[in-house]
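Please find the sequence and the predicted model below.
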Amino acid sequence: MKRISTAIMLVGIVMLILALGSDVAVDGMGGRRITNNGLMHDRLVNIILSVTLILGGLLLKLFGDKLSGPYLQVIDQLPASEYLDWLTPPIHEARADDRCRQFQQRFVDIQPSF
């Protein structure tokens, strides 16, 4: 539970830093103002979400022992190198399916039409 709550808090802190970053930049010597309309376009919503994530991670860290089930305890016992290994089989399957589709598409393109 400690790793999960720490990860949640770190995501919240990164979001808060990005949300508090400047929306306006000055372009070099010209002095033109450039506004960022990307992912962090709505500051208030992002600040609220990031503070919620930080507080949620903190509450999970404080009271998570009572909530932790056997699955979450197993995650905490994994070594750091194996922490995301459960993601690799679905990623490899998706890549294999994509390669199969590409091969099928090439085969369809090569077939002669009479």
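Happy to help now that I have it.

in stretch 16-23, what counts as buried?
By 16 or more other CB atoms under 10 Å, the buried positions in stretch 16-23 come out as 16, 19. Placement of C-beta: from N, CA and C, glycine included.

Can I get that stretch in CSV? Just the C-alpha atoms.
Coordinates of the C-alpha atoms in stretch 16-23 are reproduced here as CSV (Å, rounded to 0.1, in the frame of the first residue of the first chain):
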residue,chain,number,x,y,z
LEU,A,16,0.1,20.5,-9.3
ILE,A,17,3.5,21.7,-10.6
LEU,A,18,2.2,21.6,-14.2
ALA,A,19,-1.0,23.3,-13.2
LEU,A,20,0.8,26.1,-11.4
GLY,A,21,3.2,26.7,-14.3
SER,A,22,2.8,29.8,-16.4
ASP,A,23,0.1,29.7,-19.1
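
who's in contact with the helix or strand harbouring Gly64?
Using DSSP states H and E, Gly64 maps to helix 43-67. Among residues not part of helix 43-67, those counted as contacts by CB atoms under 8 Å, 6 or more residues apart in numbering are 1-2, 4-13, 15-16, 18-20, 23, 40, 72.

I'd like to know how many residues surround the closest residue to Gly12 other than its chain neighbours.
With CB to CB, 6 or more residues apart in numbering as the criterion, Gly12 has its nearest non-adjacent residue at 3.1 Å, and that residue is Leu53. Taking other CB atoms under 10 Å as the criterion, the count of residues near Leu53 is 19.

do the one 10 residues further on as well
Summarising burial for Phe63: neighbours were counted as other CB under 10 Å, giving 12.

Ok, Val14 next?
Each residue near Val14 was counted by other CB under 10 Å, and the total is 12.

Specify the angle between the strand or helix carrying it and helix 43-67 in degrees.
Val14 belongs to helix 2-20 when elements are defined using DSSP H and E. For helix 2-20 against helix 43-67, the angle by axes from the mean of the first three to the mean of the last three CA atoms, to 10 degrees is 170 degrees.

any idea how far Ile13 is from Val45?
Taking CB to CB, to the nearest Å as the measure, Ile13 falls 17 Å from Val45.

Perfect, that will be all.
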